[in-house]
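Asks: Predicted model and sequence follow; I will ask about them next.
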Amino acid sequence: MHVAVKAHRTVPLGFFVQPAFSITQHRCRRSLLEMAVEEFRGGRIAPKPGNEAVLVYAIHSRPLLQERIVPFLQRYMRFSARMGDFTRFMVILGSI
């Protein structure tokens with residue numbers, strides 16, 4: 001999970017906040033990324049820019065993040081060292 005902050009002239013404050021979830025794998029493990037597409041019923045697999053041997057599965061849609069990723073991570077990240085990061089991610093999404 002990550003959050004990008006991008007300068008954008010058409011939004012009121014001049015910046016656009018884009019939360020996302022991604023998984024990166026070497027292309028020989030594409031089947032793992034395809035399992036993620038099935039599990040989350042959305043997202044997209046694309047080559048990583050600058051390294052065609054690596055594939056990235058990503059979800060940028062806020063509704064999909066809230067409906068599918070957040071519940072999944074709530075279930076499996078309870079004891080993770082990144083729980084604080086996940087909590088901030090949920091705040092940004094408006095899930096808390």
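Replies: Ah, there it is.
Asks: following the helix or strand harbouring residue 30, which helix or strand shows up next?
Replies: For residue 30, the enclosing helix or strand under DSSP states H and E is helix 30-40. Using DSSP H and E, the next helix or strand after helix 30-40 towards the C-terminus is strand 44-48.
Asks: which residue ranges form the helices in the protein?
Replies: Applying DSSP state H to the chain gives helices spanning 30-40, 62-64, 70-76, 83-93.
Asks: mind checking how far the last one is from the chain centre?
Replies: To tie it back to what came earlier, the one meant is helix 83-93. Mean-position distance between helix 83-93 and its chain equals 12 Å (CA atoms, centre = their mean, to the nearest Å).
Asks: ditto for the shortest one
Replies: On the basis of CA atoms, centre = their mean, helix 62-64 is displaced by 10 Å from the centre of the chain it belongs to.
Asks: before we move on, what about the third one?
Replies: Averaging C-alpha positions (CA atoms, centre = their mean) puts helix 70-76 13 Å from its chain's average.
Asks: For it, buried residues please.
Replies: Buried residues in helix 70-76, defined by neighbour count with 16 or more other CB atoms under 10 Å: 70, 73. Placement of C-beta: from N, CA and C, glycine included.
Asks: Could you name the helices and strands sitting against that helix?
Replies: In terms of contacts (3 or more CB pairs under 8 Å, 6 or more residues apart in numbering; DSSP states H and E), helix 70-76 is packed against helix 83-93.
Asks: which residues are contacting the helix it packs on?
Replies: For helix 83-93, the external contacting residues (CB atoms under 8 Å, 6 or more residues apart in numbering) are 1, 3, 17, 19, 62, 65, 66, 70, 73, 77, 80, 96.
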